[in-house]
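Undergrad: Below is the structure, and that's it, no one-letter string:
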């Protein structure tokens, strides 16, 4: 995975850069790992054509294309919601037009690593909700599991179809200064963002047809088809050859409602809310104008806590009373299964390499970011002593909430966090600051480096299937390391190349 | 002791409701000191019943009634043989503090969660027990039992099914659910694993409270003897006249009935438990059986069109007294 330096010929230098002032004029690498440039004047080989193409743009042309893209996104209604923002909740997802390119040999490693990881995580879920071998063999201390907020005792000894718990996983990858890919976190509950990947690709093809044609980019457009097959794979036997699949959404006020409706449309399945469903004699039905219609597979985008008021949060209006009993009887399949949140726990994340060794007898292909688990007294002491050098995260938060960037925080912020850690160490982990790789992004009328991560999507049906691409998220503020869309991040199209 | 138990629950609603989904934890547990010889469940309006074991090994019966109805009646009948010897816990060799490890079996029974909350008042009550290292764990457990009986009064209507132990500590009174939660809080405060038991009591003496209702008590873990039952409401160690139905971390894990329904109606719940000691095994016992009771659905429930009645989801849950 080490980048191969590439020496541009003098002729090329003259024709592209020296000929005219380009939008790369003031580009700085700042000692970071840059996705496009191996060094100041050396482009990485897989970015060669893209760089040449981008050099031909003048700010006015580029701006015209940016506006085309914005209009396309707005017309499609591609929005998301930031909670706690008073100025209107729905926002257009900020999109950066400079594509991120990943060569085939790098992708092969990512693909193998992610397949290995989702396989291990599924075996872990099966084990933790049945025999708990990983606890009795002292790989993970029991209190880490039983003290986890998203460990669902209600799932103990429940058989899930084909032993698949995580059907859809979004795993966040980052690259450090060394250019190596690290796993930052797993999203094994209801990962969102895949609709942006598909829509961004459609827009990019329209806005940069020539540039796109210069590369052999692997297609992402079959994702909805693959997702539908993944869902049908777990349908109960009585459903026959054409099971009824539906997407369960919390409703129009959910931040990812656009995606729920988008996927329903793409797959040609019904989009339902909790009140559209009813459980009768442990079967799930949707209310249609033609009467009740049995549902065999639910792609649910409602959190565990709200999925069934009988079993979980009794006040929930988003779920369906009795759904868990239908699930337990095997009359309906749910993707993802209830209880997968245990894998999202950032303290459990630290044990994933151990899980891979334990269940698969393999070495992890993609490494974790080194993690200090504050529940361990030594790690906790280290964390408190080095708060100014570490990133501290609450174990059960997502979307960039509940996080302290120690090196950027004020003394007061660090003190306040230290207090919280001391009060509830199980709820925190700490990691060294990963200097995320940067990528050229449009800033005003020129390109500047901005930090990026990558969220590929993995489906688990009869075998793991990694979508060739993913959501590259960009921190749009200079120097910022937080790429979450809820914290003002944007996205780019991600081009994975054929051999 | 051979016991025949009939546990009748009648839910009546002020208006028509529909889509009731109900879970019952009413079947006595099968344990080494208690054998369920038969169990039958009769439910009206007519519906199918499914059962499963929850994560604590309690038997749960689940049912749904979609049609409009104003009433649900549930009759759970069982014949149980208990074989519980009288124990003298102060004679157990277990010393306090015991070395209990919060492993996968015990973690939950050592935690403060739900209604079992830490407070200064709890700390004070625990301090008055005068626990000393090296003392008998059985002796300490008896002190808890007696101190609750001394300091707290059984009064209905002070607390609710959702009350935490802060309320019984503040008011000095509560019902068996609160007594049980309080003893669990005391035991966990001193590092003894404790769990909640929901069940039925046969009144073999006048002093037993709770025989007209479902009852609740606690179990503490003794390394030498396993889980031993204590009834803080009746200030006694659990004997053969107690029938264990469900165990849990606290009340949240074991409600005898729990449900959600659709409609704008108030619920009224009426529970009766009848128990009888049998001299001999009755003939022709069915191991397990479901029956249907004739209880009206909407067709003869007062002549109103059910479509008038539409509304949000409601929940039902009953306090253990």
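TA: All right, it came through fine. None of these values were measured; they are calculated from a predicted model.
Undergrad: Relative to chain B, which residue of the stretch 151-300 of chain A is the closest?
TA: residue A:156 (3.7 Å; C-beta to the nearest C-beta). C-beta here means a position set from N, CA and C on the backbone, and glycine is covered the same way.
Undergrad: ok, and for the lengthiest strand in chain B, which residues are buried?
TA: In chain B, with assignment by DSSP state E, the single longest strand is strand B:2-24. For strand B:2-24, the neighbour count (16 or more other C-beta atoms under 10 Å in any protein chain shown) marks B:2-5, B:7, B:9-11, B:13, B:15-24 as buried.
Undergrad: Kindly report the same for stretch A:136-150.
TA: A:139-148, A:150.
Undergrad: Any chance of CSV for these, columns pLDDT, secondary structure and distance to chain B?
TA: Output for the buried residues of stretch A:136-150, formatted as CSV (pLDDT from 0 to 100; DSSP: H, G, I helix; E, B strand; the rest coil; distance: C-beta to the nearest C-beta, whole Å):
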residue, pLDDT, secondary structure, distance to chain B
A:139, 95, coil, 13
A:140, 95, coil, 10
A:141, 93, coil, 9
A:142, 94, helix, 4
A:143, 91, helix, 5
A:144, 92, helix, 10
A:145, 95, helix, 7
A:146, 94, helix, 4
A:147, 90, coil, 7
A:148, 91, coil, 11
A:150, 93, coil, 15
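Undergrad: want to try TSV for these, with distance to residue B:155 as columns?
TA: Shown next, in TSV, are the buried residues of stretch A:136-150 (distance: C-beta to C-beta, whole Å):
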residue	distance to residue B:155
A:139	50
A:140	46
A:141	43
A:142	40
A:143	38
A:144	42
A:145	40
A:146	35
A:147	36
A:148	39
A:150	39
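Undergrad: ok, residues contacting stretch B:22-29?
TA: With contact meaning C-beta atoms under 8 Å, 6 or more residues apart in numbering or on different chains, stretch B:22-29 is reached by A:310, A:325, B:5, B:7, B:34, B:36, B:39, B:41, B:51, B:54, B:57-65, B:72, B:74, B:76, B:78, B:80, B:198-200, B:243-247, B:254-259, B:316.
Undergrad: Determine how far the last residue of it lies from the first.
TA: The first residue of stretch B:22-29 is 20 Å away from its last residue (C-alpha to C-alpha, to the nearest Å).
Undergrad: What average pLDDT does it get?
TA: The pLDDT scores in stretch B:22-29 average 96.
Undergrad: Near chain A, which residues of chain B? Just list them.
TA: When proximity is defined by C-beta under 8 Å from any C-beta of the partner chain, chain B lies next to chain A at B:19, B:21, B:23, B:47-48, B:50, B:52-55, B:62, B:64, B:66, B:102-104, B:107-108, B:258-260, B:312-313, B:315.
Undergrad: among those, which ones are buried?
TA: Judged by 16+ other C-beta under 10 Å, buried ones among those: B:19, B:21, B:23, B:47, B:50, B:54-55, B:62, B:64, B:66, B:102, B:107-108, B:258-260, B:313.
Undergrad: Got the domain ranges for the chain?
TA: Using chain A here. A:237-331, A:372-432 (automatic domain parsing).
Undergrad: ah, no, chain B please
TA: B:2-82+B:255-317, B:89-239.
Undergrad: comparing the ones you listed, which gets the lowest mean pLDDT score?
TA: domain B:2-82+B:255-317 (a mean of 86).
Undergrad: From chain B, how far out is residue A:368?
TA: 25 Å (C-beta to the nearest C-beta, to the nearest Å).
Undergrad: Bridge partners for that residue, pull those for me.
TA: Counting by DSSP bridges, residue A:368 forms beta bridges with residue A:183.
Undergrad: Is it in contact with residue A:351, as I believe?
TA: No. Under the criterion of C-beta atoms under 8 Å, residue A:368 makes no contact with residue A:351, lying 9.2 Å away.
Undergrad: Compare the two (neighbour count), which wins?
TA: Using other C-beta atoms under 10 Å in any protein chain shown as the criterion, residue A:368 and residue A:351 rank with residue A:351 on top: 22 against 18.
Undergrad: what's the more buried one in contact with, if anything?
TA: A:139-140, A:144.
Undergrad: Leaving aside the residues adjacent along the chain, what's closest to residue A:450?
TA: Distances taken as C-beta to C-beta, 6 or more residues apart in numbering or on different chains put residue A:441 closest to residue A:450, at 4.1 Å, once the chain neighbours are dropped.
Undergrad: Residue A:272 too?
TA: Closest to residue A:272 by C-beta to C-beta, 6+ apart is residue A:246, at 5.0 Å.
Undergrad: Spell out the secondary structure type for the one you found.
TA: Classification of residue A:246 using DSSP: H, G, I helix; E, B strand; the rest coil returns strand.
Undergrad: count of residues packed around it?
TA: 24.
Undergrad: I'd like the distance between it and residue A:336.
TA: Computed as C-beta to C-beta, to the nearest Å, the residue A:246 to residue A:336 distance reads 15 Å.
Undergrad: could you pull out the helices for the stretch 51-200 of chain B?
TA: Here the stretch 51-200 of chain B has its helices, by DSSP state H, counting those that start in this stretch, at B:120-127, B:137-151, B:165-171, B:176-189.
Undergrad: Just give me how far stretch B:150-169 sits from the chain centre.
TA: Its chain's C-alpha centre and that of stretch B:150-169 lie 16 Å apart, by C-alpha atoms, centre = their mean, to the nearest Å.
Undergrad: same thing with stretch A:229-236?
TA: 22 Å.
Undergrad: follow-up on the earlier one: please work out which of the helices of the stretch 51-200 of chain B is packed deepest.
TA: Of all these, helix B:176-189 carries the top mean neighbour count, a mean of 26, counting by mean count of other C-beta atoms under 10 Å in any protein chain shown.
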